[in-house]
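Trainee: how would this look folded up:
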Amino acid sequence: MEVALTFGAVGDIISLVLLAKDLFKALDDCRGSAKSYCDLIDELDVLKTRLEKTKSLYEGELPDECEDTKKVALALIDKIRGDVEAFCGPVCKKYAASLAEGGSGNVMKDFVRKIEWKFKEKEIEKFRQDISGHCRSLDWLDRVTQL
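Mentor: Okay, the predicted model is just below:
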């Protein structure tokens, strides 16, 4: 019996090898989905601290000419909180137990969650970019009050 490998078959094999590589990477706690999740949580903690700092700054006494800026700042803070809650509400709750340090204790559930997280990579990266943009906006607002 003779088996001939066609170009399509070779391409399928390469695709399967790349998929397996991505799956192993996702399962690796040191650099995979669990690390990505923990990094995101750390970024959110930094953002939360920044929001609190900026909010306290704008809720304090400011000159009358800063009233418009104060309204913009407080509206932006509310928008950022809303964006974070909209993303983290369903997403972070779903993955928290499985991707946090130590896992949930259920190996199969953790396995599935790590794979799911890997497939959400583009959505998570976009959210991280949004967080970065929000931090730049908060930096700008903090500088405005120093002028």
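
Trainee: can you give me the helices for the chain?
Mentor: Along the chain, counting by DSSP state H, helices occupy 7-27, 33-59, 67-99, 107-119, 121-146.

Trainee: okay, the ones you listed in CSV with mean neighbour count and mean pLDDT next?
Mentor: (Glycine included, C-beta is placed from N, CA and C.) Output for these, formatted as CSV (neighbours: other CB atoms under 10 Å; pLDDT from 0 to 100):
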stretch, mean neighbour count, mean pLDDT
helix 7-27, 11, 60
helix 33-59, 16, 85
helix 67-99, 15, 86
helix 107-119, 16, 85
helix 121-146, 14, 84
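
Trainee: excluding covalently adjacent residues, which one is nearest to residue 101?
Mentor: Spatial nearest neighbour of residue 101, excluding adjacent residues (CB to CB, 6 or more residues apart in numbering): residue 38 at 6.9 Å.

Trainee: so what's the one you found up against?
Mentor: Applying CB atoms under 8 Å, 6 or more residues apart in numbering to residue 38 gives the contacts 99-101.

Trainee: equivalent analysis for residue 106, please.
Mentor: So, once contact is read as CB under 8 Å, 6+ apart, residue 106 ends up touching residue 98.

Trainee: for it, give me phi and psi.
Mentor: The phi/psi pair for residue 106 (degrees, to the nearest 10) reads phi -110, psi 100.

Trainee: cool, and residue 105?
Mentor: According to degrees, to the nearest 10, residue 105 has phi 100, psi -10.

Trainee: how near is it to residue 38?
Mentor: Distance from residue 105 to residue 38, counting by CB to CB, to the nearest Å: 17 Å.

Trainee: cool, and residue 139?
Mentor: Going from residue 139 to residue 38 by CB to CB gives 24 Å.

Trainee: what's the answer for residue 142, then?
Mentor: 27 Å.

Trainee: phi, psi of residue 103?
Mentor: The phi/psi pair for residue 103 (degrees, to the nearest 10) is phi 70, psi -180.

Trainee: could you find the closest non-adjacent residue to it?
Mentor: In space, not counting the residues next to it along the chain, residue 103 is nearest to residue 110; the distance is 4.4 Å by CB to CB, 6+ apart.

Trainee: before I go, just wanted to say thanks for your time.
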